[in-house]
Each structure stands twice: as C-alpha cells, then as structure tokens.
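> Provided below for reference: sequence and predicted model.
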Amino acid sequence: MVGESLEQHCYDEFNKIRATAFPRDYFEKDNEISESGSKGDFIYRAYDENENELVSIMFEMKNEMETANEKQKHKNADFFKELDKDRKEKECEYAVLCSLLEPDNELYNQGIVDVSYKYPKIFVIRPQFLIVIISLLRNAAMNQVGIKKELAAAKQSNIDIVNFESQLGEFKDKFGKNIDLAHRKFNETLAEIDKAIEHLQKTKAALQSCDRNLELADKKADDLTVKKLMKNSPSLQEKYKNISDGKA
C-alpha cells in the first residue's frame, strides 16, 4: 500500500459498492473525540427501509508504517482495550480492527478472527476482508430483525391469549355472580309467593267460616216464629191467645 494510507484505501473500497450494496448505510470518519479523549477511525451504521438502525461497527485501521519509528513494533492485541472503549463510548455494537500489523502471523492471515474471548464483539481482519465483515454482520443483523419480528408476533399472540383468558375469566366471574344473584332473588320471590298463598288460604278459610255462620244465621232466622219466641214467656202466650181469639 505504498503511497496510499490504509484508511483511504478502506474508504475507497467501501465507496466502490456503496450505491449498489449499501445505499442507505453510513460509513464515515469518526471525527468526534469522546470524553476520554480518544476516537476511532471509521464508524459504520446500517439502516432498514424505515431508517431503523440494524447494526453499527467501530473501525480502527492500523498500518506497520505508523509504528516504523518505534523501538518495539505493536501487536494487534495492543489495541483491543482502546478499541473496545471507543466502541462503547460511540455506542457501536461491534468493533473491527483492520490491521496490517504482524504480517507473518498465520492467525490473522487466515481471514476474519474473532477475539471476543478477550473483548466482546471485536474482530480482526486484513483490509481485503473489509466488505466481507460488513456484509456478514449486516446480514446477520437483518436475519435477527426477522427473528425479532417473529418473536414479537409470538409474544403478542401469547399476550392476546392471556388477555382472552383473562377476559373470559372475568366474564365467567361476573356471569357467576349474576347467576347467584338471580338464584337468590328467585328463591326470595318464591318465599314471598308462598307467604302470599298462605295468607290467601287463611283469608279463604276465614271467608268460608263467615259464610257458614251466615248460613246458620239464615236457617235460624227461617226457624224463628212467634210461638218459639213466647215459648218461655207465659204472659206473652196469654196475650197472643187473646189476640188470636179476637179479644182486646
């Protein structure tokens, strides 16, 4: 990479396919210094059609030429801690060290190296894997969105079932209370009817008794004669006899 910086190389490689592969995505220099006084080299952010962020990556580029004048050459691992701090401060999900350091190290020459065993969500790549790592993490995020939507739908479905069961239980409870109230009112009404029937029966019996007494009184009235009235009155019998005989 004689005559060209690693940062500019990576930026150009991304821009070659930005319009076709990543039309809505952001990949620019990190020019904002954090509170701790550090910053990364590039920040990548992918968005969906609704401008929701899918994934974000903090990029750090390291070239052998940067440390050529130092007594001891740096290793890739020397930058993991600072890169992890920058990732967190800039609120990025992943961090990628795009490095030309340790050119003879077979571990880093084999492709994408996951070093999350030391720091979470950090990868080390050679420059030729820049587009590959972006595509992999972006596609994984898009797949996760689909899974998240399915989980959200399943969760909502479960919530709907819970709400249905809750509403059904509430209905059963209210319905049961109404049935109990109606049953008690029914029994109370029957008791009132029984009382009314008992009262009417007593009234009927009283009227029937009164009717019998009237019949007896009527019979007694029919049997009532003057002779019967004078039966125990000799003086009246004498006067009645005189009247019958024509005496004054």
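Arrived safely. Numbers count the residues shown, from 1 in each chain.

> Please enumerate the helices of this protein.
Here the chain has its helices, by DSSP state H, at 6-21, 80-89, 106-109, 130-223, 226-229, 234-245.

> which residues sit against the third one?
Counting contacts by CB atoms under 8 Å, 6 or more residues apart in numbering, the residues outside helix 106-109 that touch it are Asn76, Ser99, Leu101, Glu102, Pro103, Val113, Val124, Arg126. (Glycine included, C-beta is placed from N, CA and C.)

> what separates the fourth one from Glu64, distance-wise?
Computed as CB to CB, to the nearest Å, the Glu102 to Glu64 distance reads 9 Å.

> Tell me which of the two has more neighbours.
The neighbour comparison of Glu102 against Glu64 (other CB atoms under 10 Å) goes to Glu102, with 18 against 15.

> got the contact list for the more buried one?
Taking CB under 8 Å, 6+ apart, we find Glu102 in contact with Lys75, Asn76, Tyr108.

> What of Glu49?
So Glu49 contacts Arg24 (CB under 8 Å, 6+ apart).

> circling back to that earlier point, pick the most buried one from the helices of the chain.
Greatest average neighbour count among the helices of the chain goes to helix 80-89 (a mean of 18), per mean count of other CB atoms under 10 Å.

> what sits against the residue lying closest to Phe123 once chain neighbours are set aside?
Leaving aside its sequence neighbours, Phe123 sits nearest to Val96 (CB to CB, 6 or more residues apart in numbering; 5.0 Å). By CB under 8 Å, 6+ apart, Val96 lies in contact with Ile57, Met58, Phe59, Glu60, Ile122, Phe123, Val124, Ile125, Ile133.

> Roughly how far does the fifth one sit from Leu101?
In this view, Ile122 and Leu101 are 15 Å apart by CB to CB.

> Tell me which of the two has more neighbours.
More crowded of Ile122 and Leu101, by other CB under 10 Å: Ile122, with 23 against 20.

> Out of the helices of the chain, flag the one nearest Ala46.
When those are compared by CB to CB, helix 130-223 sits nearest Ala46, at 4.8 Å.

> check contacts around the nearest residue to Glu93 once chain neighbours are set aside.
Closest residue to Glu93 apart from its sequence neighbours, by CB to CB, 6+ apart: Ser56 at 5.0 Å. Ser56 sits next to Ile43, Tyr44, Arg45, Ala46, Glu91, Cys92, Glu93, Tyr94 when contact means CB under 8 Å, 6+ apart.

> Could you tell me which of those count as buried?
Buried members of the contacts of Ser56, scored by 16 or more other CB atoms under 10 Å, are Ile43, Tyr44, Arg45, Ala46, Cys92, Tyr94.

> Just the ones of those residues in strands?
Using DSSP state E, Ile43, Tyr44, Arg45, Ala46, Tyr94 are the members of those that sit in strands.

> who are the neighbours in contact with Lys81?
Counting by CB under 8 Å, 6+ apart, Lys81 makes contact with Tyr119.

> rewinding a little: of the contacts of Val96, just the buried ones, PyMOL syntax please.
Of these, the buried ones can be selected in PyMOL as follows, counting by 16+ other CB under 10 Å:
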select buried, resi 57+58+59+60+122+123+124+125+133
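
> Lowest mean pLDDT among the helices and strands of this structure, which one is it?
Lowest by mean pLDDT, DSSP states H and E among the helices and strands of the chain is helix 226-229, with a mean of 62.

> sorry, back to before: and the contacts of Ser56, which two are the farthest apart?
Maximum pairwise distance in the contacts of Ser56, criterion CB to CB, is 14.3 Å, between Ala46 and Glu91.

> Just the angle for the biggest strand by length in the chain relative to helix 130-223, thanks.
As assigned by DSSP E, the longest strand anywhere in the chain is strand 53-62. If you take axes from the mean of the first three to the mean of the last three CA atoms, to 10 degrees, strand 53-62 sits at 160 degrees to helix 130-223.
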